[in-house]
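# Quick check, what structure comes out for this input:
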Amino acid sequence: MTKKLIANTFLEIADAIQSGEFGKKIKIGLTTLGSEHGVDNLVKGAHLAKSNLFDIVLIGPKVDTDLEIVEVNCEKEMHAKMEELLDSGYIDAVVTMHYNFPIGVSTVGRVITPARGTEMILATTTGTSATNRIEAMVRNAISGIATAKSIGIKSPKIGILNLDGARQVEKCLKDLQSNGYDVEFADSIRADGGCVMRGNDLLAGAPDVMVCDTLSGNIFMKVFSSYTTGGDYEAAGYGYGPGVGEDYHRRILILSRASGSPVVANALKYAYDVAKGEVNNIAKNEYLSAKNAKLDDIISALTKKEVKSTDEEVAMPPKEVVTHQISGIDVMDLEDAVKVLWKASIYAESGMGCTGPIVLVNETKGNEAVEILLKAGYTAK
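Numbers count the residues shown, from 1 in each chain. Okay, here's the model as predicted:
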């Protein structure tokens, strides 16, 4: 017994010298039931990920491997054992194929973009950060920033994908920024720039963190990971990532049931990165900073704005030539923004420019109209 203990101690010292990592070695779990490609696909991914930096613990049926196995025989038992190992601290994170996260938690994916071959965080890819779409995307941004910081990106730059609600999300995040929350915005690779991203930016990986709604993020994740294989085998990227929320402590990372062994290997490495970087503690601090920058007030104002009555009759001012374009308005708010200007006796029309929704006013009233829309919360500076 003493000889074995001494031998293990020397092995740990040798590993620490080789890896440069001293202290308790991080253990990452991998559940091995549920893949559409079978148990062997997952085990192969685990062997591809073998490293001196961390140990891998398989949770599933017995297989021929030199990796540690915690034997279970069904998915229900597997997930119960997975939670037990996590909560006891035996493993530091786990990669699995399916998990029901609570409301307020969603997964932050990590892809390799096809245009430039760069890595990009997708926030988010599964789960529900909030039941309100705009609030969810704002929270996705915060969770994406936390995850990026946990893997070593000290000052991640975020972009907001040009989806319904993107301009409202931009305004919320810029309000947080003006209230002291430390957030940096990426610039689109397109000539007109801005932090609202287009498909080109998605392909090129223009931001460190691409903020989107979860359903869109899930689709993008699948496309990025399997566009070279026809869709039934996910071959690229790091998987759907860790579940992150305001006060969530389990480090559970998600794979698709279609994920191939290269993605399994990368997901295990991603799990090591966020475990070492303590993603949950960083997320807790990020949300605290956002709350100190009046996150709750911003979300509350947003919710009140959504339930306001839109039945008020507003008389249209006399028509005039409108050539001044005001962008940055969400498509869902476009008609309300026009009515706000009408109420201020400024004739305005709604339209759709090449970058999205616009309000058109007379050139001489452009600055005044912008100030009115800013004050009413329909656009961001």
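# For residue 298, give me its contacts.
Counting by C-beta atoms under 8 Å, 6 or more residues apart in numbering, residue 298 makes contact with 138, 172, 175, 176. The C-beta positions use only the backbone N, C-alpha and C, and glycine is treated the same way.
# Remind me which helix or strand the third one belongs to.
Think residue 175. Using DSSP states H and E, residue 175 sits in helix 166-178.
# Next secondary structure element downstream of that helix?
Following helix 166-178 in sequence order, the next helix or strand is strand 184-185 (DSSP H and E).
# any idea which helix or strand comes after that next one?
Using DSSP H and E, the helix or strand that follows strand 184-185 in sequence is strand 196-197.
# Leaving out sequence neighbours, find the closest residue to residue 193.
Among residues not flanking residue 193 along the chain, residue 187 sits closest, at 4.6 Å (C-beta to C-beta, 6 or more residues apart in numbering).
# so how far is residue 49 from the one you found?
Separation of residue 187 from residue 49 (C-beta to C-beta, to the nearest Å): 35 Å.
# Same drill for the two, tell me which one is more crowded.
The neighbour comparison of residue 187 against residue 49 (other C-beta atoms under 10 Å) goes to residue 49, with 25 against 15.
# so who does that one touch?
With contact set as C-beta under 8 Å, 6+ apart, residue 49 has these partners: 56, 264, 265, 266, 268, 269.
# how about JSON lines for these, with neighbour count, pLDDT and secondary structure added?
Formatted as JSON lines, these follow (neighbours: other C-beta atoms under 10 Å; pLDDT from 0 to 100; DSSP: H, G, I helix; E, B strand; the rest coil):
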{"residue": "56", "neighbour count": "23", "pLDDT": "97", "secondary structure": "strand"}
{"residue": "264", "neighbour count": "27", "pLDDT": "98", "secondary structure": "helix"}
{"residue": "265", "neighbour count": "21", "pLDDT": "98", "secondary structure": "helix"}
{"residue": "266", "neighbour count": "23", "pLDDT": "98", "secondary structure": "helix"}
{"residue": "268", "neighbour count": "28", "pLDDT": "98", "secondary structure": "helix"}
{"residue": "269", "neighbour count": "18", "pLDDT": "98", "secondary structure": "helix"}
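# Save those as a markdown table, and put in distance to residue 373 too.
Formatted as a markdown table, the contacts of residue 49 follow (distance: C-beta to C-beta, whole Å):
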| residue | distance to residue 373 |
| --- | --- |
| 56 | 54 |
| 264 | 49 |
| 265 | 49 |
| 266 | 44 |
| 268 | 48 |
| 269 | 46 |
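# What segments of the chain are helices?
With DSSP state H, the ranges of helices along the chain come out as 2-19, 39-48, 75-88, 133-150, 166-178, 199-204, 214-226, 261-276, 279-292, 295-307, 334-343, 366-376.
# Max pairwise distance over the contacts of residue 49: which two?
The most widely separated members of those, counting by C-beta to C-beta, are 56 and 266 (13.3 Å).
# what's the pLDDT at the one residue sitting closest to the centre of the chain?
Centroid-nearest residue in the chain, with C-alpha atoms, centre = their mean: residue 123, separated by 1.4 Å. Residue 123 carries a pLDDT score of 97 in this model.
# beta partners for it?
Listed beta-bridge partners, residue 123: residue 108, residue 211 (assigned using DSSP bridges).
# any idea how far it is from residue 64?
Applying C-beta to C-beta, the value for residue 123 to residue 64 is 39 Å.
# OK, contacts around residue 177?
Counting by C-beta under 8 Å, 6+ apart, residue 177 makes contact with 183, 293.
# mind checking which helix or strand of this protein has the lowest mean pLDDT?
Using mean pLDDT, DSSP states H and E, helix 2-19 stands out as the lowest-scoring helix or strand of the chain, at a mean of 54.
# Look up how far residue 319 lies from the residue nearest to the centre of the chain.
43 Å.
# Please apply the same query to residue 299.
Distance, residue 299 to residue 319, using C-beta to C-beta: 38 Å.
# returning to what we had before: buried stuff in the helix holding residue 175?
For helix 166-178, the buried set under the neighbour-count rule, 16 or more other C-beta atoms under 10 Å, comprises 166, 167, 168, 169, 170, 171, 172, 173, 174, 175, 176.
# Out of these, flag the one nearest to residue 327.
Set against residue 327, the nearest of these by C-beta to C-beta is residue 167 (8.2 Å).
# Give the residue spans of the stretch 101-250 of the chain that score low on pLDDT.
Within the stretch 101-250 of the chain, no range satisfies pLDDT under 70.
# picking up where we left off before, please put the alpha-carbon coordinates of the helix holding residue 175 into CSV.
What follows is helix 166-178, C-alpha atoms only, in CSV (Å, rounded to 0.1, in the frame of the first residue of the first chain):
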residue,chain,number,x,y,z
ALA,A,166,-31.0,42.9,-31.8
ARG,A,167,-31.4,46.7,-31.6
GLN,A,168,-33.2,46.5,-28.3
VAL,A,169,-30.4,44.2,-27.0
GLU,A,170,-27.8,46.7,-28.2
LYS,A,171,-29.5,49.5,-26.3
CYS,A,172,-29.8,47.5,-23.1
LEU,A,173,-26.1,46.5,-23.3
LYS,A,174,-25.0,50.1,-24.1
ASP,A,175,-27.1,51.3,-21.1
LEU,A,176,-25.3,48.8,-18.9
GLN,A,177,-22.0,50.0,-20.3
SER,A,178,-22.9,53.7,-19.6
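# Quick one: distance of it to the chain centre.
Centre-to-centre, helix 166-178 and its host chain are 16 Å apart (C-alpha atoms, centre = their mean, to the nearest Å).
# thinking residue 373 is in contact with residue 330, fair?
No: at 11.5 Å, residue 373 does not count as touching residue 330 under the criterion of C-beta atoms under 8 Å.
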